[in-house]
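Trainee: pasting the sequence and the predicted model now:
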Number of protein chains: 4
Amino acid sequence: AGRLATREELPFIRDRERDTHKGNYGHVLVIGGSKDFVGAPAISSLAALKSGAGLVTMAVPSCVAGMVSGRILEVIPLSLGDEDGYLGKVALDEVLTMIDRFDVVAVGPGLGMGEPVKAFMDGLIKNCPLPMVIDADGLNNIEPTALIKSKAPVVVTPHPGEMARLTGRKTEDVNSDRINITREFTRRYKATCVLKGARTVIAVENRYYIIPTGNPGMATAGSGDVLTGVIAGFIGQGFSPTDAAILGAYVHGLAGDMLAKKRGEYGITATDIASYIPVAINELKKRM
Amino acid sequence: AGRLATREELPFIRDRERDTHKGNYGHVLVIGGSKDFVGAPAISSLAALKSGAGLVTMAVPSCVAGMVSGRILEVIPLSLGDEDGYLGKVALDEVLTMIDRFDVVAVGPGLGMGEPVKAFMDGLIKNCPLPMVIDADGLNNIEPTALIKSKAPVVVTPHPGEMARLTGRKTEDVNSDRINITREFTRRYKATCVLKGARTVIAVENRYYIIPTGNPGMATAGSGDVLTGVIAGFIGQGFSPTDAAILGAYVHGLAGDMLAKKRGEYGITATDIASYIPVAINELKKRM
Amino acid sequence: AGRLATREELPFIRDRERDTHKGNYGHVLVIGGSKDFVGAPAISSLAALKSGAGLVTMAVPSCVAGMVSGRILEVIPLSLGDEDGYLGKVALDEVLTMIDRFDVVAVGPGLGMGEPVKAFMDGLIKNCPLPMVIDADGLNNIEPTALIKSKAPVVVTPHPGEMARLTGRKTEDVNSDRINITREFTRRYKATCVLKGARTVIAVENRYYIIPTGNPGMATAGSGDVLTGVIAGFIGQGFSPTDAAILGAYVHGLAGDMLAKKRGEYGITATDIASYIPVAINELKKRM
Amino acid sequence: AGRLATREELPFIRDRERDTHKGNYGHVLVIGGSKDFVGAPAISSLAALKSGAGLVTMAVPSCVAGMVSGRILEVIPLSLGDEDGYLGKVALDEVLTMIDRFDVVAVGPGLGMGEPVKAFMDGLIKNCPLPMVIDADGLNNIEPTALIKSKAPVVVTPHPGEMARLTGRKTEDVNSDRINITREFTRRYKATCVLKGARTVIAVENRYYIIPTGNPGMATAGSGDVLTGVIAGFIGQGFSPTDAAILGAYVHGLAGDMLAKKRGEYGITATDIASYIPVAINELKKRM
């Protein structure tokens, strides 16, 4: 049931069709940020754009909006209600009211921890009718059982530490049994689970994939935010959430590998990786 | 009467003349932005600069000014009166008072929707003595009959959805009869009409052009804002509005094609396209 | 007495000496900005850095400080007293109090027009003990006789329109007699005069130079701000003000020529030129 | 006991190990900034990232936070209590409360001068349980005897002027006896001393190193901030503070040398150097 996600196994990346417009490539809503973290949702937003998404809106609490609105000119900023520097119930209502403008949600980068965020995440998972990619503090503020209540497909992208908290294990235990734990998570919580780390594992219903790309130079701040944005970007472009997860993880790793080949593994940054996403997609398409 | 806008048909791009200064290349006024959209007027401003404009002023409502003023160092920021986060009547008066500083107006990117914007656009079209390029929410807030009242040549750059609203049709009906609808619009409303989409159509008085450049990788947020800026930039440099529209659309598409050839069609961003405008002009000039 | 400033005639650019630190390369104070113009002093500051200056402080009125402080990480921001959005007497006192921290002043870019600025410029010229480069609105707010009162060498860098106002002529008359007018200005007002435009003319005491570099692609917003920064940067590095003016104008033009050769004359921006200043210096040094 | 730090002598830079995550590469806390200096801590933060650090938090007084938070998307901003525009006792308490989140501290860039900063630095040195790199105004606000009280290894990176103040000498006397003074400083104050300048000298317990890389093009604003960030970044990645100092100084100089070879010594900026840190590490690893 498991296999290395070789190029032959990957979802096929089609040429973009001629008679299309930006609406055909999805409107990604990235939700993140807090008084504790500012740049993370911007990195995800940039990555979504670089994966080919048609439109990206970045929703952050108002305390953060002034710092990052206009930072990436193509991204539409959305300032949400702020509960002591975090997204909370007011923000939740705002998002749900306008949710039908979007095609996919990426939530988590930089949300921070606390009761407001827990309420936000709980309400979002229960009520969001769109496919969601949940990462980072989006995962740190929920119990995994909450995922079962989701109305639409969910992709979760924990790193081993996040997975440990979600499953009540120690991080080393997660790492010593990566495949089974990922598969169990997907089976139990009905969410495509992407367990990051050296050799990312992705479990979808009855199968799992091991991603052959990636290198330890990608162990850098914001690298995961890029992955989140790319997966959401691919969902927006019509890939199924599971295909988007597999392809996103492969492309993210390939971008890092191309950077490492060019410049070595030291000092790769998340914006470097994001800037190489188009290059990696192009390289992969050529080989398909 | 119609033809493919091949290189031979394009308005000739002259060498810049030796004894010239920035005032010879036009002062473009870009008007846009609202509490809903921040980066769009900056993308148009950048594109105008990259097309060769001598000076660019970017006018936005005051709520946006702090986010983008200084973002592009060469652009002169202008903070206008803000009506609940939108440009309205106060902003209109401010613009008209200083309108003789400028040579051409590009209006629309990121204006948002609402009564203040309708009043702004209505007053601007009636009173602006300069050639105007109207795009995006600049079109979404007007009735096309308003264009007849304009005092100077107007170029409109709707995408099919905007054209559908303007003409009371469905988007699919616009797309199934692109040439005739574009020609009819130009004839009826006395505005050079640029209907975007795969194979952009441009109608000028008795003729129309089909632009052979461009690719679906350009279906991305802000791509249209680049086109708006480039057309305005060419008007500022002395091209007639219709020549600027044809040349601008050709160059915009060529920039995208050069990017796609280099890096593939996935993940092209509007700032990428803007940065390639000089490269595309240079390439086109060589071939002329 | 006049000659084309060929490479053989230029002041020699020495290798930087081994046993040196940033203090040996001068501390440039760039003064500019107003509620009307934001990016101009930042462009000059960037250009000063790119010419090799050791330190650059950028002083702007407080209303502008929030928009550009931190924009160029290497530049030290200095927020000055703000008189209705302009520098005025309070700012003057602040500058003069700390003037001995600096080696050279570049003043003018983006100052705007008005009584506060006139008072600022008048006081600065009378009291500043450092060599000054005065450009743009630094010239538009003074009478040329004020220059005679300066305590240290002054370089002025008017474009023909600014020169016309300074000398009570029409712009076309300035352009039809560029060499004599520049020479007369230098003679009468004891300031090295750099008359910009196609073939920049520089008059120093008994001689004048015609700069052979430069192209009309450089007729773009902020191009002059780059020149101002480069001349100040060279003064900070120990060139005499007249040598810095000649060398700065040559290098500025060479940077533009190298850009134009690579990418054509359309769409060159001031930050492009600034980024090519080191490349041009390197190229020139190789040929010396 | 002394030797040129040739490649053979340098601490070995290992390949990053496969089974690692960003937590394995250290969390660097950069502390700096004041109302007088804004960009310096951001330059150090960027350099730490570019050296391979896993996470970087940049702590600045609140008056500065709005100017640089979000400037480098990967860096986590931390706004500290502000005492008249400087870090002081409140900020100290805040830092110490959360100090166990971090692995290494880089303190000094842009702190400015004054009593609040003195109190901050004094308290930090006495109480910080982490290795520290102290630079610039971090050194200008302390007496060297304070270093003896530090709880963990300290690296200091004075330039000759800073060293002169610290040791009560004249700058020229420091420069005429660089090796002995550096060694004496290390011996007396139990801190790895990096004396910057042409041929950086590093003294560790019984030995000293002379760094053969570097060139006078690096005598530019912020160049030292890069070095500070790189050393801290290497400590975070598991090098001993002394190894990190030697390697950091070598790599910093090599980055500058590679830039100078490519573009000449004029106009190198600190962000240029930071961007070349990965390139230099890669080059050095290849030669090892």
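Mentor: Good, I have the coordinates. Remember, predicted model here, so these are calculated numbers, not experimental data. Residues are numbered from 1 along each chain as shown, chains lettered A, B, ... in the order given.
Trainee: going forward, measure contacts between C-alpha atoms and count neighbours the same way
Mentor: Will do.
Trainee: quick one: low-confidence residue ranges for the stretch 151-288 of chain A.
Mentor: Counting by pLDDT under 70, not a single residue of the stretch 151-288 of chain A qualifies.
Trainee: do you have the helices of it handy? List them.
Mentor: A:160-167, A:171-176, A:178-189, A:223-236, A:241-263, A:270-287 (DSSP state H, counting those that start in this stretch).
Trainee: does the third one come close to chain D?
Mentor: This means helix A:178-189. No - remark: helix A:178-189 sits outside contact range of chain D, by C-alpha under 8 Å from any C-alpha of the partner chain, the gap being at least 12.3 Å.
Trainee: so what secondary structure elements neighbour that helix?
Mentor: strand A:192-195, strand A:201-204, strand A:207-210 (3 or more C-alpha pairs under 8 Å, 6 or more residues apart in numbering or on different chains; DSSP states H and E).
Trainee: before we move on, back to that, let's have the helices of the stretch 151-288 of chain A in JSON lines, adding mean neighbour count.
Mentor: Shown next, in JSON lines, are the helices of the stretch 151-288 of chain A (neighbours: other C-alpha atoms under 10 Å in any protein chain shown):
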{"stretch": "helix A:160-167", "mean neighbour count": "20"}
{"stretch": "helix A:171-176", "mean neighbour count": "15"}
{"stretch": "helix A:178-189", "mean neighbour count": "19"}
{"stretch": "helix A:223-236", "mean neighbour count": "32"}
{"stretch": "helix A:241-263", "mean neighbour count": "24"}
{"stretch": "helix A:270-287", "mean neighbour count": "22"}
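Trainee: in contact with the residue most central in space within chain A, which residues?
Mentor: In chain A, the residue lying closest to the centroid (C-alpha atoms, centre = their mean) is A:Thr228, at 1.7 Å. By C-alpha atoms under 8 Å, 6 or more residues apart in numbering or on different chains, the contact set of A:Thr228 is A:44, A:106, A:133-135, A:157.
Trainee: residue numbers of chain A in contact with chain D?
Mentor: Contacts of chain A with chain D, taken as C-alpha under 8 Å from any C-alpha, map to A:36-40, A:42-43, A:67-68, A:197-198, A:215-217, A:219-222, A:263-271.
Trainee: including mean neighbour count, could the helices and strands packed on helix A:178-189 go into JSON lines?
Mentor: Listed next are those as JSON lines, based on neighbours: other C-alpha under 10 Å:
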{"stretch": "strand A:192-195", "mean neighbour count": "29"}
{"stretch": "strand A:201-204", "mean neighbour count": "27"}
{"stretch": "strand A:207-210", "mean neighbour count": "20"}
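Trainee: spatially, and excluding backbone neighbours, which residue is closest to A:Ile99.
Mentor: Of all residues not flanking A:Ile99 in the chain, A:Cys128 sits nearest, at 7.4 Å (C-alpha to C-alpha, 6 or more residues apart in numbering or on different chains).
Trainee: against chain D, how distant is that neighbour?
Mentor: 28 Å (C-alpha to the nearest C-alpha, to the nearest Å).
Trainee: now do the same contact list for that residue.
Mentor: If a contact means C-alpha under 8 Å, 6+ apart, then A:Cys128 has A:96, A:99, A:150-152 as its contacts.
Trainee: go on, A:Lys126?
Mentor: A:146, A:149-151.
Trainee: same question for A:Thr167.
Mentor: With C-alpha under 8 Å, 6+ apart, A:Thr167 has these contacts: A:Pro144.
Trainee: from A:Thr200, how far out is it?
Mentor: 18 Å (C-alpha to C-alpha, to the nearest Å).
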